[in-house]
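**Q** Mind looking at a prediction? Sequence and model below.
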Amino acid sequence: GNINGTMDVDYNAHWAFGDPASFNAGWVGFAYNVIADYKTAAAPHEQNSIFKATNFVSNTDLHLAGASIGDMDLAGLPIAGITVDIDGDQRNSVAPYMGADEADVPLYQPPMITLWERSVADASLPTWFGSNTERGLAYGYTMAAPTSLSGNDRVFVVSRSDGTKVRILNANTGADVGELNTTGISGGTFALNDVEVTSDGIILACNLTTNATTSPFKIYMWANEGSVPVEVFSYTAADAVRLGDNFSVIGSYLAGTAEIWAASATAGFGKIYKWTMTAGNFNPVPEIINLSDNAAGGSAAVGPLGNGDFYWNAGGQSARKYSANGTLIGIIPGGVVSTGTNSIKFLGSIGTDEYVVTYQFGGGNHNARVVQVPNGVPADATTYGLTESMGSAANVGGTGDVAVKHNQDGSKDIFVAATNNGVGAYR
């Protein structure tokens, strides 16, 4: 019978295969294989439709697969009242997938502004960048000297291209400012590998040890940019673990709430080491948290939430969330955070949703991915945004780091160090 009403047909993907005489689509009795001819015939309808093969899991499982996941050509238009797909998964509110399945990789990610960048991609790589020698960085509001009346927004980058150094950059421009004093620092596979800053501007840095039973894991401290480093502790572990690829610091040193977190990168030793403070000093013996799934991987990193729970990530593994006692809460889908990622930091919460940022390496990456975790449930995580790629220079070890500045207006500045590719700041 006849159907009364207004027809609006658009944002479709047509494709025919098999019979050589097949046509991709037809309109009012005529068949077409040329998309321009089809759009002319169908106007004003179908002006955003395409002729393209779509990959499905199988002929009977019509979930998207392969190259169709993340394919911007399959971006549809949001329709009022249709907020979930056939599985009940949330539709992207800006660019949902055509068809019935909303794949794990979103087609729209909010843009992140580049504040400054010194990179291979921009032909502006710092002259002091070497080959595999810059792996860790931190942001901090620090004092130039004990007598300083105000602080400075700084980025610190550990650099081994010309000795053991910690480069100081202006966090607002990326310009070189100077170096920290590294007198007396020694020991480990690398005497310094990563750096962090407490909430009240105390600078901490660690060495890298591949076996903490024979080569201690060390932390050094600078009270300000002009001070001489002091060894905070030298920790010999009971297990032959690799420590120092990445570490995290939260809390205030002067208030006695600072915590140092480090993750084992040694297979078979899925452990987190957590140093807290007593009477104004770091306890030399850490709390050891055993991960319930015994996870470990390259450049293992931990991003504490502040309530005891923490996110964890490592190269070759999926990013995860754990409770304070090491019980696995959940795993972020690989379609959101791939196994080519490691350093991870907790950005904060908006309502019940949590946000984390992780460093990702490999071709087309060498950047940061910001992830939204609805209600703190890792399985429901989606990509919030990406920083631009800093280049495609080889980074065989997949090393790099991320750091965060919490702005007064609630926004976050993301700082990224990508080994062999550069350093940058994004919002």
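**A** Received it, and whenever you're ready, just let me know what you need. Everything numeric here is computed off the predicted structure, so don't read it as measured data. Numbering: from 1, shown residues only.
**Q** so how far is stretch 313-321 off the chain centroid?
**A** 11 Å (C-alpha atoms, centre = their mean, to the nearest Å).
**Q** Could I get the CA-only coordinates of that stretch as CSV?
**A** C-alpha atoms of stretch 313-321 as CSV (Å, rounded to 0.1, in the frame of the first residue of the first chain):
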residue,chain,number,x,y,z
ASN,A,313,49.4,0.0,31.9
ALA,A,314,52.4,-1.6,30.2
GLY,A,315,53.6,-2.3,26.7
GLY,A,316,52.1,-5.5,25.3
GLN,A,317,49.3,-5.5,27.9
SER,A,318,45.9,-3.9,28.2
ALA,A,319,45.3,-1.0,30.5
ARG,A,320,43.6,-1.9,33.8
LYS,A,321,42.1,-0.6,37.0
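**Q** tell me which residues in that stretch are buried?
**A** Of the residues in stretch 313-321, Asn313, Ala314, Gly315, Gln317, Ser318, Ala319, Arg320, Lys321 count as buried by neighbour count, 16 or more other C-beta atoms under 10 Å. Using the backbone N, CA and C atoms, a C-beta is placed for each residue, glycine as well.
**Q** which pair in those spans the largest distance?
**A** Largest separation among the buried residues of stretch 313-321 by C-beta to C-beta: Gly315 and Lys321, giving 17.9 Å.
**Q** Strands along the stretch 1-150 of the chain, start to end?
**A** In the stretch 1-150 of the chain, the segments counted as strands under DSSP state E, counting those that start in this stretch are 13-14, 25-27, 30-32, 50-51, 114-119, 134-142.
**Q** Now mean pLDDT and mean neighbour count too, for those strands, in TSV please.
**A** Formatted as TSV, the strands of the stretch 1-150 of the chain follow (pLDDT from 0 to 100; neighbours: other C-beta atoms under 10 Å):
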stretch	mean pLDDT	mean neighbour count
strand 13-14	87	18
strand 25-27	86	17
strand 30-32	87	14
strand 50-51	87	18
strand 114-119	98	19
strand 134-142	98	25
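**Q** out of those strands, nearest to Ile203?
**A** Of all these, it is strand 134-142 that lies closest to Ile203, at 6.3 Å by C-beta to C-beta.
**Q** ok, that closest one: who's next to it in the sheet?
**A** Paired strands of strand 134-142, with direction, are strand 152-159 (antiparallel) (DSSP bridges).
**Q** Give me the contacts around the partner strand.
**A** Here strand 152-159 makes contact (C-beta atoms under 8 Å, 6 or more residues apart in numbering) with 128-130, 133-144, 165-172, 174, 177, 180, 192-195, 197, 203, 205, 225, 403, 405, 415, 417, 423, 425.
**Q** relative to strand 114-119, how tilted is it?
**A** Using axes from the mean of the first three to the mean of the last three C-alpha atoms, to 10 degrees, the inter-axis angle of strand 152-159 relative to strand 114-119 is 30 degrees.
**Q** just checking, next helix/strand downstream of strand 152-159?
**A** strand 165-170 (DSSP states H and E).
**Q** Quick check: neighbours of the next helix or strand after that next one in the sheet, parallel or antiparallel?
**A** Sequence order places strand 176-179 as the next helix or strand after strand 165-170, per DSSP H and E. Under the criterion DSSP bridges, strand 176-179 sits next to strand 165-170 (antiparallel) in its sheet.
**Q** Please point out which parts of the strand it pairs with sit buried.
**A** Lys165, Val166, Arg167, Ile168, Leu169.
**Q** For the residue lying closest to Tyr426 once chain neighbours are set aside, grab the count of nearby residues.
**A** Distance criterion C-beta to C-beta, 6 or more residues apart in numbering; nearest residue to Tyr426, sequence neighbours excluded, is Thr387 at 4.3 Å. Look at Thr387: counted by other C-beta atoms under 10 Å, it has 28 neighbours.
**Q** same check, this time on Ala240
**A** By other C-beta under 10 Å, the residues close to Ala240 number 15.
**Q** on that earlier part again, what would the strands of the stretch 1-150 of the chain look like in a markdown table with distance to Ala238?
**A** Formatted as a markdown table, these follow (distance: least, C-beta to C-beta, whole Å):
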| stretch | distance to Ala238 |
| --- | --- |
| strand 13-14 | 58 |
| strand 25-27 | 68 |
| strand 30-32 | 71 |
| strand 50-51 | 60 |
| strand 114-119 | 41 |
| strand 134-142 | 25 |
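**Q** so which of these gets nearest Arg160?
**A** Counting by C-beta to C-beta, Arg160 lies closest to strand 134-142 out of those; the figure is 7.7 Å.
**Q** what's near enough to touch the closest residue to Asp239 other than its chain neighbours?
**A** Distance criterion C-beta to C-beta, 6+ apart; nearest residue to Asp239, sequence neighbours excluded, is Phe269 at 5.1 Å. Counting by C-beta under 8 Å, 6+ apart, Phe269 makes contact with Asp239, Ala240, Val241, Asn294, Ala296.
**Q** Ok, Tyr38 next?
**A** His14, Asn24, Ala25, Trp27, Tyr32, Glu46, Ser49, Phe51.
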